[in-house]
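> here is my input, please return the structure:
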Amino acid sequence: MPSLQSYWLKYQVRRREEKTRDLGLTLENKRKQFEDLATRVKPPAGMFLVSVMANGVPCEWVKTAKGTDAHTIFFLHGGSYTRGSIPSHRSLAARLAEASGGRALVVGYRLAPEAPYPAALDDAMRAYAWLLKRVPRQKILFAGDSAGGGLALAVMLKLRDEKTPLPAAAVLLCPWVDLECTGASYTALFGQDPVLRKEELLESAGLYLQQGNPRDPLVSPLCGNLKGLPPLFIQLGTLDSLLDEGQQLAAKAREAGVKVELDVWEDMIHVWHLFGDRLPEAGKAIRKAGAFISQQAGV
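Alright, predicted model coming up:
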């Protein structure tokens with residue numbers, strides 16, 4: 001049964017999103033609102049931050065009092081490729097690092113429309129190449145939420161095709177892997193999902209793609225050949241419009257011979273993990289993802 005906090009959170013999120021739509025905010029204002037909300041989340045105690053440039057890409061080491069350098073989470077933030085940042089997601093990355101007993105490197109990739117595709121992919125590839133020179137690939141675990149989850153998959157597809165060492169595994173939190181937004185849950189959950197709307201995601205996809213092909217596997221990994229990828233841990237919420245494509249991703253990956261752990265949470269919204277300091281289900285989900293990371297890293 002969902003917690004009382006989850007009902008209150010859904011109410012608050014719905015009010016915020018409706019107000020945002022009524023105001024007709026510009027992208028810049030939407031970015032500011034996203035940052036303001038995300039940075040209100042309290043990080044775990046003892047969080048320690050170090051800024052670095054990884055082959056020209058701004059990144060941030062995120063460590064916690066309970067974490068070590070035994071393994072590294074290569075974290076790609078969400079935000080539909082048009083918003084989000086290192087500050088907006090450092091608390092989530094820190095909680096994952098703490099839960100797994102490791103550390104995280106959060107990647108500050110460029111955003112659309114100022115830097116459309118393939119800028120985000122190029123930045124993530126450069127940052128991973130930098131990390132791979134410092135950490136053995138079997139001690140690197142990818143993680144990403146929403147667009148960050150899709151980007152993590154795109155990076156792995158490109159690494160595989162280039163025959164570059166892949167990470168040990170990947171954690172995908174409510175991944176956005178179909179930029180055409182064809183999943184049935186967009187219709188089935190219309191009016192129930194307080195966070196996402198298909199037309200808004202398609203607008204973001206247009207800003208990211210410009211004139212690109214939305215069925216390019218490096219844009220929409222659901223359209224790609226997933227053979228040869230490392231183990232995947234996919235968490236989805238049943239009140240998330242990305243539910244259907246996440247389930248399709250899990251099924252397609254399994255058909256390709258990829259080890260997949262699919263973890264579906266009843267009555268959870270899109271990336272509920274971001275509310276780790278105030279939502280019991282967020283803490284539980286993060287701890288479960290952290291246990292997967294620890295296991296795959298051989299901790």
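
> run through the residues that contact residue 13.
Contact analysis of residue 13 by C-beta atoms under 8 Å, 6 or more residues apart in numbering lists 194, 195, 269. Quick note: C-beta positions are derived from backbone N, CA and C, even for glycine.

> can you give me the neighbour number for the second one?
So the one you mean is residue 195. Residues within reach of residue 195, counting by other C-beta atoms under 10 Å, total 21.

> what does the first one give?
As a burial measure, the neighbour count of residue 194 was computed by other C-beta under 10 Å and equals 21.

> circling back: what is the nearest of the contacts of residue 13 to residue 176?
The nearest member of the contacts of residue 13 to residue 176, counting by C-beta to C-beta, is residue 195 at 11.8 Å.

> look at the closest one and tell me its secondary structure.
Applying DSSP: H, G, I helix; E, B strand; the rest coil to residue 195 yields a three-state assignment of coil.

> who's in contact with the residue nearest to it when sequence neighbours are not counted?
With sequence-adjacent residues excluded and distances taken as C-beta to C-beta, 6 or more residues apart in numbering, residue 195 is closest to residue 270, at 4.2 Å. For residue 270, the set of contacting residues under the criterion of C-beta under 8 Å, 6+ apart consists of 146, 174, 193, 195, 196, 237, 239, 240, 241, 242.

> give me phi/psi at residue 270?
Listed backbone geometry of residue 270 is phi -60, psi 120, with angles given as degrees, to the nearest 10.

> quick one: it from residue 77, how far?
14 Å (C-beta to C-beta, to the nearest Å).

> for residue 37, same thing?
Applying C-beta to C-beta, the value for residue 37 to residue 77 is 14 Å.

> between these two, who's got more neighbours?
Shown here are residue 37 and residue 77; by other C-beta under 10 Å, residue 77 has more neighbours (27 against 15).

> so what pLDDT did that one get?
On the pLDDT scale, residue 77 is placed at 99.

> now the helices for this protein?
Assignment of helices within the chain using DSSP state H yields the ranges 4-23, 27-38, 86-100, 119-132, 147-161, 185-188, 198-209, 243-255, 280-296.

> quick one on the thing from earlier: closest one to residue 99 out of the contacts of residue 13, please.
Nearest to residue 99 among the contacts of residue 13, counting by C-beta to C-beta, is residue 269 at 20.4 Å.

> tell me, how many residues neighbour the residue nearest to the closest one when sequence neighbours are not counted?
In space, not counting the residues next to it along the chain, residue 269 is nearest to residue 239; the distance is 5.0 Å by C-beta to C-beta, 6+ apart. Residue 239 has 23 neighbours, counted by other C-beta under 10 Å.

> quick check: residue 239 touching residue 9?
No - taking contacts as C-beta atoms under 8 Å, residue 239 lies outside contact range of residue 9: 11.1 Å.

> what touches both of these two?
With the criterion set as C-beta under 8 Å, 6+ apart, the overlap between the contacts of residue 239 and residue 9 is residue 269.

> surely residue 276 is in contact with residue 282?
Yes - under the criterion of C-beta under 8 Å, residue 276 is in contact with residue 282, at a separation of 4.4 Å.

> quick one: pLDDT of the nearest residue in space to residue 244 that is not next to it in sequence?
What sits nearest to residue 244 in space, not counting adjacent residues and going by C-beta to C-beta, 6+ apart, is residue 183, at 3.4 Å. Here the pLDDT value assigned to residue 183 is 97.

> now do residue 183: how many residues are near it, please.
Applying other C-beta under 10 Å, we find 21 other residues in the vicinity of residue 183.

> any idea of the mean pLDDT for stretch 111-130?
Confidence for stretch 111-130, expressed as mean pLDDT, is 99.

> ok, and what's touching stretch 17-37?
Contact with stretch 17-37 is made by 16, 79, 82, 83, 84, 85, 87, 88, 113, 194, 195, 207, as judged by C-beta under 8 Å, 6+ apart.

> and the angle from the helix or strand bottoming out on mean pLDDT in the chain to helix 198-209?
Across the helices and strands of the chain, mean confidence by mean pLDDT, DSSP states H and E is lowest for helix 4-23: a mean of 76. Counting by axes from the mean of the first three to the mean of the last three C-alpha atoms, to 10 degrees, helix 4-23 points 70 degrees away from the direction of helix 198-209.

> pLDDT at the closest residue to residue 257 other than its chain neighbours, what is it?
Counting by C-beta to C-beta, 6+ apart, residue 257 lies nearest to residue 227, which is 6.1 Å off, once chain neighbours are set aside. Residue 227 is assigned 99 on the pLDDT scale.

> help me confirm that residue 227 comes into contact with residue 256.
Yes - here residue 227 lies in contact with residue 256, judged by C-beta under 8 Å, at a distance of 4.3 Å.

> more neighbours: which of those two?
A count of neighbours by other C-beta under 10 Å puts residue 256 above the other of residue 227 and residue 256, at 14 against 11.
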